[in-house]
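>>> Kindly return the folded structure for what I paste below:
(one chain, ligands or ions: 1)
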Amino acid sequence: MLRIKNLNYHPTATAAPILWNISLELAPQQMGLVVGPSGSGKSTLLEILGGLSKPSRGELYWDNKAIPSDQLSRFSGLVFQFPERHFCGGTLLEELRFGHPELTSDQVSEALKEVGLGDLSLKTSPQSLSGGQQRRLALAVQLIRQPALLLMDEPTAGLDWSMRQQLTRLLAKIKQHWSLLVVSHDPVELLPIADRCWTLNHGQLHPVQPQDLMERHDALLANPSER
Ligand SMILES: Nc1ncnc2c1ncn2[C@@H]1O[C@H](COP(=O)(O)OP(=O)(O)OP(=O)(O)O)[C@@H](O)[C@H]1O
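Sure, this is the predicted structure:
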């Protein structure tokens, strides 16, 4: 169980905090979905949980044990928005072993199988994959490190409809084994598989029922001028 208590982020360069007293709980094998407009603080929240930024204040617990912020990068795996832009291996094997030369080919093959890329040769270039396959690879890169918490920033951004559906099905499968926290400004495909939902506006997090967000989305589609 992940528990975040009163997390604040207020860099010295800004007049007001970017994140205000964020508190949430997420059980194992659940997917939490944070929905908010551009600039609301979604990526900042994930960067803190991924150990890339230090919160100004607040506590994080996993199974009631406090996790110091300098240990977060080992505890959680962060899949960035447009992760394919960060690939640096010439082959799938290199990409998955990057920073972890101890991983065996069998472990790499297993990770690829878990994300539905088990049929590909380990010599395949990541750049030659389709957009949906590249997202799967980015997921495998994190899963192979066995993080307790998987963080995903706009996982379906830039994908076509069919790839968005495929990725959503994959996330539904992945959450059977992991705790998953996803942020998105356009969550329509993700809402049906979310167990917990929150809105984030100007750095303030509020719980909301996935069904309510779905209805709001339908209303916006019907009347885009309200957006
Ligand atoms: N270290 C920092 N110093 C100053 N401002 C920051 C810092 N980190 C984040 N911000 C600001 O905080 C706000 C929230 O940024 P963030 O990238 O988290 O939003 P977001 O919801 O992920 O937006 P998008 O969906 O467009 O990526 C932005 O206005 C950003 O410029």
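>>> Helices along the chain, start to end?
With helices called from DSSP state H, the chain shows them at 42-49, 72-75, 92-97, 105-114, 131-143, 161-174, 210-222.
>>> which other residues reach the first one?
With contacts defined as C-beta atoms under 8 Å, 6 or more residues apart in numbering, helix 42-49 is touched by 4, 7, 9, 18-19, 22, 34, 36, 53-55, 60, 69, 72, 76, 78, 81, 149, 151-153, 181, 183-185, 200. Yep, even glycine has a C-beta here, placed from its N, CA and C like the rest.
>>> please redo it, this time with the cut-off set to 6 Å
Y9, I18, V34, G36, S53, P55, S76, L78, L151, D153, V183, L200 (C-beta atoms under 6 Å, 6 or more residues apart in numbering).
>>> Now flag whichever of the residues you listed is closest to the ligand.
Of all the contacts of helix 42-49, the one sitting nearest the ligand is I18; the distance, using C-beta to the nearest ligand atom, is 4.2 Å.
>>> where's E25 relative to the ligand, distance?
21 Å (C-beta to the nearest ligand atom, to the nearest Å).
>>> actually G203, not the one I wrote
To the ligand, G203 is 7 Å away according to C-beta to the nearest ligand atom.
>>> Equivalent analysis for H206, please.
If you go by C-beta to the nearest ligand atom, the gap between H206 and the ligand works out to 15 Å.
>>> I figured that residue hits T199, correct?
Yes. Using C-beta atoms under 6 Å, H206 is in contact with T199, at 5.2 Å.
>>> and the two? which has more neighbours close in?
Relative neighbour count places T199 above the other of H206 and T199, with 18 against 9, counting by other C-beta atoms under 10 Å.
>>> got the contact list for the more buried one?
Applying C-beta under 6 Å, 6+ apart, one finds that T199 lies in contact with V35, H206, V208.
>>> how many neighbours does the closest residue to N8 other than its chain neighbours have?
The spatial neighbour of N8 that comes closest, neighbours along the chain excluded (C-beta to C-beta, 6 or more residues apart in numbering), is R57 at 4.2 Å. A count of nearby residues for R57, using other C-beta under 10 Å, gives 13.
>>> Report the buried residues of stretch 199-214.
Residues of stretch 199-214 classed as buried under the neighbour-count rule (16 or more other C-beta atoms under 10 Å) are T199, L200, G203, Q204, L205, P210, L213, M214.
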